[in-house]
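Undergrad: what would the 3D arrangement of this be:
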Amino acid sequence: MATPETAQGTDRPRLAPLPGRRVRVAVIGTGAIARDSHLPALTRLAEEGETELVAAVDIDAGSVKGFCAEREAVAAAAGEGTPGAYTDLDRMLREQRPDLVVICTPPTLHRDQTVAALRAGAWVWCEKPPVPSLADFDAVEAEEGGDGGPYASIVFQHRFGSGTRHVRRLLAERAMGRPLVAHCQTTWYRDTAYYAVPWRGRWQTEGGGPAMGHGIHQMDLLLDLLGPWIEVRAMAGRLVHDVETEDVSTALVRFANGAMATVVNSVLSPDEVSRIRIDCERATVELTHLYGHRNDDWRITPARDVPAAEAATWQDFGADVPSSHLEQLRELLASMRAGERPRSSGTDGRSSLELIAALYKSAFTDATVRAGEIGPGDPFHAAMHGNASGWAPVTAEQGAAGGEAAA
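TA: Numbering: from 1, shown residues only. Got it, this is the predicted structure:
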């Protein structure tokens, strides 16, 4: 077990240096996303000698024991011990002192669990949405360490992989000319049974509707490719589902580089697709997929006057590395070992959450919202619904008053 030290001038533990040893990982929440996405990534990296799963935590004792038992079957082959099963997060942090805590719980728990891990000296990798509001994000960021961490990053796995890396480079180098027009689409389908889960469709427990819980991945990827946004104008509606949040939203976004984009987020679309299209001066680049992408999911169409030899170089994506939790975790571990802030943390991670807050504010107030506008004191900083009439959750007192008025 790593021996914790104390950072000079603080009470925050500082873990022993990471180079030359496995990164000790703990998983919080042992449901589907932990089992289906995180556990395979951790298993692969354990086999490569990079990580060791030391513990898992869940309030459901049966779930966490089953998760650890599933891991135990391959732990010996990967050179690991058996992970400890816990139902108490604080106890796990005291006893195990992990280097990295992976959070896979419902959004309403993310802030407190992230803060607890950071205060224990662990880095954090948290599933989206990272927290329900910008105020919560700012509170988490305030708990991060100084130079060298620990830092809290967000699971934005669509940014990672060979396709995104190749297109990001082409755009940054302006190989295809200036980006001009973009489209970002997350049009998925969720039925009434999906929303029968008590925490879904509610501001307090899910943080938002499809903009927050579904479209956040494609919007984050769009920002990663195009850079900072400067203003947004949006609409939102409840067209089908009886929920507190929206079930569809549309937005117009202007970027600092001059590009303009449309954004559509829906859970009403039987023909499900995730898509990003960027029209540049010399080519159109398009990604079409659903929950993850490979090189073949990207298409680059050159303008008619582009020389064939040059266009051919744009098509060379290199070895196919799919977008995945594994690829993001690889980069995160490299950042940990270097003591550097990882991508999708801090300002870089906050930009997508700020765009969503601005989308909601614009939709609910019928106004254009500019980047940097939503800060402390703005109701949309404290909650994505912004206490907007017709959108904010109805309290028991308001419900009673409404009933009396109707009578």
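Undergrad: can you tell me the closest non-neighbouring residue to Val101?
TA: Nearest non-adjacent residue to Val101, counting by C-beta to C-beta, 6 or more residues apart in numbering: Ala117, 3.9 Å away. C-beta here means a position set from N, CA and C on the backbone, and glycine is covered the same way.
Undergrad: same thing with Asp147?
TA: Gly339 (7.4 Å).
Undergrad: do the same with Glu286
TA: Arg277 (4.5 Å).
Undergrad: still on that earlier bit, the residue nearest to Val101 sits in which helix or strand?
TA: If you go by DSSP states H and E, Ala117 is part of helix 110-119.
Undergrad: CA atoms only for that helix, dumped as CSV, please.
TA: Taking C-alpha atoms only, helix 110-119 is exported to CSV below (Å, rounded to 0.1, in the frame of the first residue of the first chain):
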residue,chain,number,x,y,z
HIS,A,110,-20.9,13.4,-7.6
ARG,A,111,-20.0,16.6,-5.8
ASP,A,112,-19.7,15.2,-2.3
GLN,A,113,-17.9,12.0,-3.4
THR,A,114,-15.5,14.0,-5.6
VAL,A,115,-14.7,16.4,-2.8
ALA,A,116,-14.2,13.5,-0.3
ALA,A,117,-11.7,11.8,-2.7
LEU,A,118,-9.8,15.0,-3.4
ARG,A,119,-9.5,15.7,0.3
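Undergrad: please list the residues outside that helix that contact it.
TA: 12, 28, 89-90, 93, 98, 101, 103, 105, 123-124, 126-127, 129-132, 136, 139-140, 143-145, 150, 152 (C-beta atoms under 8 Å, 6 or more residues apart in numbering).
Undergrad: quick one: which of those residues sit in strands?
TA: 28, 101, 103, 123-124, 126, 152 (DSSP state E).
Undergrad: follow-up on the earlier one: quick check: phi and psi on the residue nearest to Glu286?
TA: phi -130, psi 130 (degrees, to the nearest 10).
Undergrad: report the beta-bridge partner residues of it.
TA: When assigned by DSSP bridges, Arg277 has beta-bridge partners His183, Glu286.
Undergrad: who touches it in this structure?
TA: Counted by C-beta under 8 Å, 6+ apart, Arg277 has contacts 182-183, 284-287.
Undergrad: for Thr288, see how far away it is.
TA: Going from Arg277 to Thr288 by C-beta to C-beta, to the nearest Å gives 9 Å.
Undergrad: now Gln204
TA: From Gln204 to Thr288 the distance is 34 Å (C-beta to C-beta).
Undergrad: endpoint to endpoint, stretch 274-291 covers what distance?
TA: End-to-end span of stretch 274-291 (C-alpha to C-alpha, to the nearest Å): 7 Å.
Undergrad: next: stretch 215-234.
TA: 14 Å.
Undergrad: what is the mean pLDDT for it?
TA: Average pLDDT, stretch 215-234: 98.
Undergrad: mind listing what's buried in that stretch?
TA: 215-226, 229, 231-234 (16 or more other C-beta atoms under 10 Å).
Undergrad: check contacts around Pro393.
TA: 202-204, 244, 385 are the contacts of Pro393 under C-beta under 8 Å, 6+ apart.
Undergrad: in PyMOL, how would I select the buried members of those?
TA: A single PyMOL command selects the buried members of those (16+ other C-beta under 10 Å):
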select buried, resi 202+203+244+385
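Undergrad: just to revisit the earlier point, I'd say the residue nearest to Asp147 and Gly145 touch.
TA: No - between Gly339 and Gly145 there is no contact under C-beta atoms under 8 Å: 9.7 Å.
Undergrad: so what touches the helix or strand where Gly163 lies?
TA: Here Gly163 is covered by helix 162-172, with elements defined by DSSP H and E. With C-beta under 8 Å, 6+ apart as the test, helix 162-172 has contacts from 158, 176, 179, 221, 224-226, 278, 280, 285, 287, 293-295, 297-298, 300, 314, 316-323.
Undergrad: what residues of stretch 376-396 count as buried?
TA: Buried residues in stretch 376-396 (16+ other C-beta under 10 Å): 379-386, 388, 391-392.
Undergrad: OK, contacts around the residue nearest to Met260 when sequence neighbours are not counted?
TA: Closest residue to Met260 apart from its sequence neighbours, by C-beta to C-beta, 6+ apart: Arg254 at 5.5 Å. Listed by C-beta under 8 Å, 6+ apart, the contact partners of Arg254 are 229-232, 260-261.
Undergrad: roughly how far apart are the residue nearest to Glu286 and Gly49?
TA: 41 Å.
Undergrad: try Lys65
TA: For Lys65 relative to Gly49 (C-beta to C-beta), the value is 27 Å.
Undergrad: same thing with Val273?
TA: Distance from Val273 to Gly49, by C-beta to C-beta: 39 Å.
Undergrad: okay, the residue nearest to Glu286: pLDDT?
TA: Confidence score, pLDDT, at Arg277: 98.
Undergrad: same check, this time on Leu329
TA: Predicted confidence (pLDDT) for Leu329: 98.
Undergrad: how about Leu355?
TA: 98.
Undergrad: you'd agree Ile230 is in a strand?
TA: Yes - counting by DSSP: H, G, I helix; E, B strand; the rest coil, Ile230 is part of a strand.
Undergrad: so it is in contact with Arg370, correct?
TA: Yes - if you go by C-beta under 8 Å, Ile230 and Arg370 touch, sitting 6.4 Å apart.
Undergrad: now do the contacts for His293.
TA: 158, 161, 163-164, 287, 322-323.
Undergrad: what about it, which SS state?
TA: Quick answer, by three-state DSSP: His293 is coil.
Undergrad: tell me how far the closest residue to it other than its chain neighbours lies from Leu333.
TA: Spatial nearest neighbour of His293, excluding adjacent residues (C-beta to C-beta, 6+ apart): Ser323 at 5.1 Å. To Leu333, Ser323 is 17 Å away according to C-beta to C-beta.
Undergrad: neighbour count winner among these two?
TA: When neighbours are counted by other C-beta atoms under 10 Å, Ser323 comes out ahead of the other of Ser323 and Leu333, with 26 against 22.
Undergrad: residues in contact with that one?
TA: 157-161, 163-164, 292-294.
Undergrad: for it, give me phi and psi.
TA: Dihedral angles for Ser323 - degrees, to the nearest 10 - are phi -60, psi 140.
Undergrad: give me the pLDDT for it.
TA: So Ser323 comes in at 98 (pLDDT).
Undergrad: can you list the buried residues in stretch 172-181?
TA: For stretch 172-181, using 16+ other C-beta under 10 Å, the buried residues are 176, 179.
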